[in-house]
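Trainee: Show me how the following folds:
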Amino acid sequence: MKKKSMWSLKLNTAALVLIPAAVGINYIGKLFAGALKLPLWLDSIGTILAACLAGPIVGALCGAINNIIYGFTLDPVSFIYAISSVAIGLAAGIFAYKGKIKGVVGAILSGLVIALVSTVVSTPINIGMYGGQTGNLWGDALFTWCTANNFPMWLASGLDELVVDIPDKVAVTLIAFGIFKALPKKLTILYRNDQEIESLD
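Mentor: So this is what the prediction gives:
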């Protein structure tokens, strides 16, 4: 017997149903945040939930598909940010597989690291597409202050992204964790990516 690899991809019926459901959750989260003018994005809940359930590859797929749909329906610039969503899905799936998101504290710590991953990937895109800004009120206010005080562009842009990513990614990881814990075990077992499988060697 050996442990199933976290990178294995099994697109069974459960996974095929999960992907559009996760994308729908992301879409609703983004619309909700936009409608209430929240200083968050809330567009990664489904990505992180899918990653926790079915592993990093499915999480990455959900993130990429999510941004493609955003690109066609909300903002074409979303296409390039699919890279960030893929990174978020991969990071969340790795943490879940390693057992780091088994409690509230673990979810918070994982959310902080996911925020750092998102910031590292998104900052160069922000610089290239928006002159370093994110379009978020809080982050851009900090960016303006940093540039007025002669901070390097990469640092000002990175802080702009990070100041939004930290509360956003911690919030979406906690929400995804809460949904995961509320799901019946009969459902979650369909997605388990850490089960023991027989070796054919």
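Trainee: where are the low-confidence patches of this protein?
Mentor: 1-4, 10, 192-201 (pLDDT under 70).
Trainee: how about the strands in it?
Mentor: Using DSSP state E, the strands assigned to the chain run over residues 2-3, 196-197.
Trainee: and the top helix by length along the chain, which residues are buried?
Mentor: Among all segments of the chain classified by DSSP state H, the helix with the greatest residue count is helix 153-182. Residues of helix 153-182 classed as buried: 156-166, 168-177, 179-180 (neighbour count, 16 or more other C-beta atoms under 10 Å). Placement of C-beta: from N, CA and C, glycine included.
Trainee: Equivalent analysis for stretch 90-105, please.
Mentor: Within stretch 90-105, the residues that qualify as buried by neighbour count (16+ other C-beta under 10 Å) are Leu90, Ala91, Ala92, Gly93, Ile94, Phe95, Ala96, Tyr97, Lys100, Ile101.
Trainee: Please tell me how far Gly29 sits from Met6.
Mentor: When distance is defined by C-beta to C-beta, to the nearest Å, Gly29 is 25 Å away from Met6.
Trainee: Looking at the two, which one has more neighbours?
Mentor: Summary of the neighbour comparison: Gly29 and Met6, criterion other C-beta atoms under 10 Å, with Gly29 having more neighbours (23 against 16).
Trainee: Distance check, the more buried one against Thr123.
Mentor: Counting by C-beta to C-beta - Gly29 and Thr123 are separated by 22 Å.
Trainee: From the buried residues of stretch 90-105, which land in helices?
Mentor: Going by DSSP H, the helices hold Leu90, Ala91, Ala92, Gly93, Ile94, Phe95, Ala96, Tyr97 from the buried residues of stretch 90-105.
Trainee: Look at Ala107 and say how many residues are nearby.
Mentor: A count of nearby residues for Ala107, using other C-beta under 10 Å, gives 26.
Trainee: Repeat that for Pro152.
Mentor: Per other C-beta under 10 Å, the neighbour tally for Pro152 reads 10.
Trainee: again, but for Ala87
Mentor: Taking other C-beta under 10 Å as the criterion, the count of residues near Ala87 is 18.
Trainee: you'd agree it is up against Val121?
Mentor: Yes - here Ala87 lies in contact with Val121, judged by C-beta atoms under 8 Å, at a distance of 4.6 Å.
Trainee: Now do stretch 8-16: distance from first to last residue.
Mentor: 15 Å (C-alpha to C-alpha, to the nearest Å).
Trainee: same thing with stretch 6-16?
Mentor: Across stretch 6-16, the terminal residues are separated by 18 Å (C-alpha to C-alpha).
Trainee: quick one: contacts of that stretch?
Mentor: By C-beta atoms under 8 Å, 6 or more residues apart in numbering, the residues outside stretch 6-16 that reach it are Ala54, Gly55, Pro56, Ile57, Val58, Gly93, Ile94, Tyr97, Leu190, Tyr191, Asn193, Asp194.
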